[in-house]
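Asker: sequence and predicted structure, then a few things I'm wondering about:
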Amino acid sequence: MSPRYFEDFTVGEEWSYDPWALDEKTVTDFAKQYDPQPMHTDPVAAAEGPHGVVIASGWQTALNCVAPFLEAVMKDTAGLASPGFDVFRWSKPVRAGDPVIPRAKVLEKRVSKSKPDRGLVRFRMWGVNSDGDSVWEVEGPFFILLRPAD
């Protein structure tokens, strides 16, 4: 497959992916390795907390929301890197069994002034729960090559 270049992205273009849900063991196993806080790892301690049950690590939520976009779009893009994110926010807890729909959208794009072989495409990626509420979101630019001249 030929790569997707800067010109192939359109402001307002949006993607939505199949929902994912995590079981409690997946939540606690991930957290034990990467985010070992009792609210993520210990059902007894979590039961006494504000959520009443273990909740997914925000990092696990972010990874599960961004992975479909990376696989479906960015994997075959002439991407160079991202300089970072301007927004990175967890809005709602994700409980075991909660379905989350990953989404992504092109917010804006512009050709680089200093390096005219590339542009910046600003994306928003987020996850929506079954109530339609955002549980996580990120916004930031990616450097993507312009289509080479023939």
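Answerer: Thanks, I have it.
Asker: so what touches the longest helix belonging to the chain?
Answerer: Criterion DSSP state H: the longest helix present in the chain is helix 58-72. Applying C-beta atoms under 8 Å, 6 or more residues apart in numbering, the set of residues contacting helix 58-72 from outside is 15, 17-18, 20, 22, 27, 30-31, 34-35, 88, 90, 94, 100, 102, 104, 123, 125-127, 135-136, 138. The C-beta positions use only the backbone N, C-alpha and C, and glycine is treated the same way.
Asker: filter those residues down to the ones in helices?
Answerer: Using DSSP H, those in helices are 27, 30-31, 34.
Asker: let's have the residues you listed in TSV, adding distance to Lys115.
Answerer: Listed next are the ones in helices among the contacts of helix 58-72 as TSV, based on distance: C-beta to C-beta, whole Å:
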residue	distance to Lys115
Val27	42
Phe30	38
Ala31	40
Tyr34	35
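Asker: now these in CSV, with neighbour count, pLDDT and distance to Gly84?
Answerer: CSV is the format used below for these (neighbours: other C-beta atoms under 10 Å; pLDDT from 0 to 100; distance: C-beta to C-beta, whole Å):
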residue, neighbour count, pLDDT, distance to Gly84
Val27, 25, 96, 27
Phe30, 19, 97, 24
Ala31, 22, 96, 25
Tyr34, 12, 97, 20
